[in-house]
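A.B. asks: Have a look at this prediction, sequence included:
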There are 2 protein chains.
Amino acid sequence: MTKFEVTILGCGSAMPTTLHNPPSQLVDINNKLFMIDCGEGTQLQMRRFKTRIGKLHSVFISHLHGDHIFGLPGLISTLSLLGRKNDLNIYAHKEIDFLIAPLAAYMGRHLTFKVNIIPLNPYKEEVIFESRSIKISSFPLNHRIDTNGFIFEEKESPRHIIREMIEFHQIPFTHIYDIKNGADFVKPDGEVIKNDILTYSGNPAKRYAYCSDTAYAPEIIPYIANVDLLYHEATFAESELLRAKETYHSTARQAAEIAKEANVKKLVIGHYSSRYNELGFLLKEAITVFPETELANEGKIFEL
Amino acid sequence: MTKFEVTILGCGSAMPTTLHNPPSQLVDINNKLFMIDCGEGTQLQMRRFKTRIGKLHSVFISHLHGDHIFGLPGLISTLSLLGRKNDLNIYAHKEIDFLIAPLAAYMGRHLTFKVNIIPLNPYKEEVIFESRSIKISSFPLNHRIDTNGFIFEEKESPRHIIREMIEFHQIPFTHIYDIKNGADFVKPDGEVIKNDILTYSGNPAKRYAYCSDTAYAPEIIPYIANVDLLYHEATFAESELLRAKETYHSTARQAAEIAKEANVKKLVIGHYSSRYNELGFLLKEAITVFPETELANEGKIFEL
C-alpha cells in the first residue's frame, strides 16, 4: 500500500486573514513531497505542521498571482540555509523568472543548490514529470491570467505474483520481473502458464487533481474524470455568482457540479474569500449537489 | 501627551521557528505607523495583532538579508488590493531594487500607488525623514553586509502657554504662536514679559533606537546615547560568543553592555537564534549587566 496524501498548508485567497493562509499544499507520495503553490508564510506553515522540508522534491505553481508565489523567496532561502544540494525544480509559467532570477542573482554563491524553472504550457495538457511510479501532468484552467491545474497520479503498480506458483511451476528468478509486468510463463517443455493464473492485480493507481484558481470550466472535466480526490476552488457562495464570474472564480455549487460531472470519488473545496468567517454554508451548498464534499482547512490531511 | 509605542511583529532570526516570526516592528507615533524590517509573514502578523495597515506611513529596512525583507512583496501587493493611493517610501540600501523593481514591473498598472526607494547611507549618520513633529535618522551598524540602525524621535513640542497669562497681559491671538515657540511678549507700552513667565516647557522629546543586526559595536553609543528605549539584537547567549563574533551578531550580555554604556532608559532584546526554545536565561544574562531589560515577543507593545 503506497502512501498518497495531501496536506493543506493554506486555503485562503488573495487577501490574508487571521483564519486562513494563502494557498499552498503538499502532496506526499511515498515520502516524496511535491508542493503546489507557495503563498507567503508557506515555510512557516510547513514548520507548524511538522512536515519534513528536507523531503521537498519540487514545486508546482498554478499561476503567478502574488498569493500563490510570495512564499518562494523565503522557502528557497531557508532550503539554502539548511544546505540543500539537489536542484529544485519549479514548474510554473515562464514569467515567474521576474521573481526567481533576481533572487538567484542576489543570493549568488550563497545559494547551495540550483533552481530550475520548468515552463508550463497554458494551452494544453502535458505530462510534466514522470518517474517509475509517479506521473504528474498539467492542464489549462480558466482564470484571469494563464493558470494550470495539476494531476498527480501513481502509475499502476506491477501485478503481485502468487508465491506458491513460483514453487509449483519452478519459475526461475530471472522471469519474475516480466511476469509481474504481465508476461505468461513458458515452461521448459513448452507449456504456457497464463499470467492471470500466476498473479493478481497490483495496487490501483490513485489520482489527485488540483484546480485553483478557476472560473466554472466544464472543459476541464475530461482531464479530471474519475480522480480519487479533487481539490477545486470555491472562492464564493452561489449568492456571489456575479462576483465569481467577474473575477474568474467558482462558487461552492459550481465546484460540486464539476465534481459530479467528472464522477470523482471525493471533493475538497478551498480558496475561500476573505469575506467569509464561517464556512458551513459553503459546504452545505456543495453537498446538495455532491455529497462527498469536505472543507479544506490549514493542517488537514486528505488520504487517497 | 503624544502616543509613541513599538509593536513587535517578529523577533526571530534567519531560520523561522514555530515560536518566533522573522523580524518586523511597527513604531506608532501619534497614529502614524513606521515599519522597521519586513520578514516573511509580516502582513499576516499585522492582521493577527489588529494593527491598522491603512495607517502605514513608510518602511525602514535595516539590511538586505532575506529574513528582513521577504514580507515586502506580500505587503505591497495587499496594500494595492486595498487601494492605497499614497506613495510608499522604503528606506533601504539601494540594492533592494533587486526585489522591488521586478515586482513593480510585474504588477505594473495593477499597483495602485508608487513605491519609492530612498537609499540609506551605510557609512554615516543621516537624517532620513523629518516632519513638523518627528525626526528619523539612520546610522551604521556592524554586520556581515551593509546594515543601518534607526533612531525615531519626537521633536520637543512647543511650550505650553499659561492660559491665565493671556488674559492678564491681554496677549493678542496673533502672538500666541511665537510665544509658544519661545518669544517674549512686548506690551504696547514697551514692557517686556519674559517667555518663562508666560509658558512652561512642552512635552519632552522621546527617542527610540533600533539596532539589529549587529556585532557588539561600542562605536554606535554616541548615536543612541540616552534614548528612552533601545531595541538591540541578542541573537546568542554569552556561551556562544565565538559564534556571535563569526556571524556578526551580539550576545545578550553585549546588548546589555551597550545599553549600560549608552545610558538608555530601557533595553528590549530580540532577534533570537532558532536554537533557543526558552529565553529566560538570555534575559537573566542581560539583567546582570543592565537591570532595565525586557524580552521582545510577538504582539508585545512597548510604550515610550
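C.D. replies: Perfect, thanks for sending it.
A.B. asks: quick one: the strands in the stretch 101-250 of chain A?
C.D. replies: Remark: strands assigned in the stretch 101-250 of chain A by DSSP state E, counting those that start in this stretch are A:115-119, A:126-130, A:134-140, A:148-154, A:160-161, A:185-186, A:192-193, A:199-200, A:207-211, A:229-233.
A.B. asks: So which of those is the most surrounded?
C.D. replies: Neighbour counts (mean count of other C-beta atoms under 10 Å in any protein chain shown) averaged over each of those peak at strand A:229-233, with a mean of 28. C-betas here are computed from N, CA, C, even on glycine.
A.B. asks: so it versus strand A:207-211, what angle?
C.D. replies: 0 degrees (axes from the mean of the first three to the mean of the last three C-alpha atoms, to 10 degrees).
A.B. asks: who's in contact with strand A:229-233?
C.D. replies: Residues external to strand A:229-233 that are found in contact with it (C-beta atoms under 8 Å, 6 or more residues apart in numbering or on different chains): A:6, A:25, A:207-214, A:224, A:249-250, A:255, A:258-259, A:262, A:264-271, A:296, A:302, A:304.
A.B. asks: Buried subset of the residues you listed as a ChimeraX selection?
C.D. replies: Remark: buried members of those, expressed as a ChimeraX selection using 16 or more other C-beta atoms under 10 Å in any protein chain shown:
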select /A:6,25,207,208,209,210,211,212,213,214,224,249,250,255,258,259,262,264,266,267,268,269,270,271,296,302,304
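A.B. asks: Save the strands of the stretch 101-250 of chain A as CSV, and put in mean pLDDT too.
C.D. replies: Formatted as CSV, these follow (pLDDT from 0 to 100):
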stretch, mean pLDDT
strand A:115-119, 97
strand A:126-130, 98
strand A:134-140, 97
strand A:148-154, 97
strand A:160-161, 90
strand A:185-186, 94
strand A:192-193, 94
strand A:199-200, 92
strand A:207-211, 98
strand A:229-233, 98
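A.B. asks: Quick check: residues of chain A near chain B?
C.D. replies: With C-beta under 8 Å from any C-beta of the partner chain as the criterion, chain A meets chain B at residues A:14-18, A:21-22, A:40-41, A:43-44, A:47-48, A:64, A:66-67, A:70-71, A:73-74, A:77-78, A:81, A:95, A:98-99, A:101-103, A:105-106.
A.B. asks: Can you flag which of the residues you listed belong to helices?
C.D. replies: Using DSSP state H, the subset of the residues of chain A next to chain B located in helices is A:43-44, A:47-48, A:73-74, A:77-78, A:81, A:98-99, A:101-103, A:105-106.
A.B. asks: State the pair within these that is farthest apart.
C.D. replies: A:Arg48 and A:Ala105 (30.9 Å; C-beta to C-beta).
A.B. asks: of the two, who's got more company?
C.D. replies: A:Arg48 (16 against 10; other C-beta atoms under 10 Å in any protein chain shown).
A.B. asks: can you count the residues close to the closest residue to the more buried one other than its chain neighbours?
C.D. replies: Excluding the flanking residues, the one nearest A:Arg48 by C-beta to C-beta, 6 or more residues apart in numbering or on different chains is B:Thr18, at 5.5 Å. Neighbours of B:Thr18 under the rule other C-beta under 10 Å: 13.
A.B. asks: can you check A:Asp184 too?
C.D. replies: 13.
A.B. asks: Could you do the one 10 residues further on as well?
C.D. replies: Other residues lying near A:Lys194 total 9 when counted by other C-beta under 10 Å.
A.B. asks: what residue is smack in the middle of chain A?
C.D. replies: A:Phe152 (4.9 Å; C-alpha atoms, centre = their mean).
A.B. asks: Surely it is in contact with A:Ile224?
C.D. replies: No - look at A:Phe152 against A:Ile224 with C-beta atoms under 8 Å: they stay out of range, at 11.5 Å.
A.B. asks: Looking at the ones in helices among the residues of chain A next to chain B, state which has the most neighbours.
C.D. replies: Among those, the one with the most neighbours (other C-beta under 10 Å) is A:Gln43, at 29 neighbours.
A.B. asks: list the contacts for that residue?
C.D. replies: A:Gln43 neighbours (C-beta under 8 Å, 6+ apart): A:Ile53, A:Gly71, A:Gly74, A:Leu75, A:Thr78, B:Pro16, B:Glu40.
A.B. asks: So A:Leu81 is in contact with B:Met15, correct?
C.D. replies: Yes - counting by C-beta under 8 Å, B:Met15 is a contact partner of A:Leu81 at 5.9 Å.
A.B. asks: so what pLDDT did the nearest residue to A:Phe236 once chain neighbours are set aside get?
C.D. replies: Nearest non-adjacent residue to A:Phe236, counting by C-beta to C-beta, 6+ apart: A:Ala244, 4.5 Å away. A:Ala244 carries a pLDDT value of 97.
A.B. asks: Give me the distance between A:Ala244 and chain B.
C.D. replies: 17 Å (C-beta to the nearest C-beta, to the nearest Å).
A.B. asks: With A:Tyr248 instead?
C.D. replies: 15 Å.
A.B. asks: right, and that residue touches A:Ser212 too?
C.D. replies: No - contact criterion C-beta under 8 Å: A:Tyr248 and A:Ser212 do not qualify, at 11.4 Å.
A.B. asks: Name the residues contacting each of these two.
C.D. replies: Common contact partners of A:Tyr248 and A:Ser212 (C-beta under 8 Å, 6+ apart): none.
A.B. asks: one step back: need the overlap of contacts for A:Phe152 and A:Ile224.
C.D. replies: Residues touching both A:Phe152 and A:Ile224 (C-beta under 8 Å, 6+ apart): A:Ala209.
A.B. asks: before we move on, back to that, count of residues packed around the residue nearest to A:Phe236?
C.D. replies: 24.
A.B. asks: Check the residue of the stretch 201-304 of chain A found nearest chain B and give its pLDDT.
C.D. replies: In the stretch 201-304 of chain A, the residue that lies nearest chain B is A:Ser274 (9.7 Å; C-beta to the nearest C-beta). With respect to pLDDT, A:Ser274 scores 95.
A.B. asks: Which residues are in contact with the closest residue to it other than its chain neighbours?
C.D. replies: In this structure, A:Ser274 finds its nearest non-sequential neighbour in A:Met15, 4.0 Å apart by C-beta to C-beta, 6+ apart. The contact partners of A:Met15, by C-beta under 8 Å, 6+ apart, come to A:Ser274, B:Thr78, B:Leu81.
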